[in-house]
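Chemist: Need the 3D shape of this:
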Amino acid sequence: MPGGKSISVSSQLFVVRGLLIVGFISMLMVSAGGELYLFIISRIIPVVINIFRLLDFLKGKKMVRNSLKLL
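Modeler: Okay, here's the model as predicted:
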């Protein structure tokens, strides 16, 4: 099962990297202007939430598949 672990770790690193990029961009936006910053944040937060939901969904499917293998 090492393959499954590496997938989850790489996806977590991808999310963390994305959040760091978002944080950096948001710092630039604050210096540029608040309204643009708020607009971008209102667009990005739902996307990030959906990514986490998708990861949870995939983890749930993997657990179900593993429990079926045990049967």
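
Chemist: so how far is F39 from M63?
Modeler: Distance of M63 to F39, given as Cβ to Cβ, to the nearest Å: 38 Å. Placement of C-beta: from N, CA and C, glycine included.

Chemist: what's the nearest residue to L55 if we skip its chain neighbours?
Modeler: Distance criterion Cβ to Cβ, 6 or more residues apart in numbering; nearest residue to L55, sequence neighbours excluded, is S11 at 6.0 Å.

Chemist: Run through the neighbouring helices and strands of the single longest helix found in the chain.
Modeler: Counting residues, the longest helix in the chain under DSSP state H turns out to be helix 34-70. Here helix 34-70 touches helix 2-32, going by 3 or more Cβ pairs under 8 Å, 6 or more residues apart in numbering; DSSP states H and E.

Chemist: Where does pLDDT dip in the chain?
Modeler: Where the chain drops to pLDDT under 70, the residues are 1-10, 29-34, 37, 70-71.

Chemist: how about 80 then?
Modeler: Along the chain, segments meeting pLDDT under 80 span 1-15, 18, 22, 25-42, 60-71.

Chemist: circling back to that earlier point, from the chain's centroid, how far away is the longest helix of the chain?
Modeler: Relative to its chain's centre, helix 34-70 lies at 6 Å (Cα atoms, centre = their mean, to the nearest Å).

Chemist: swap in stretch 59-71?
Modeler: In terms of Cα atoms, centre = their mean, the centre of stretch 59-71 is set 22 Å apart from its chain centre.
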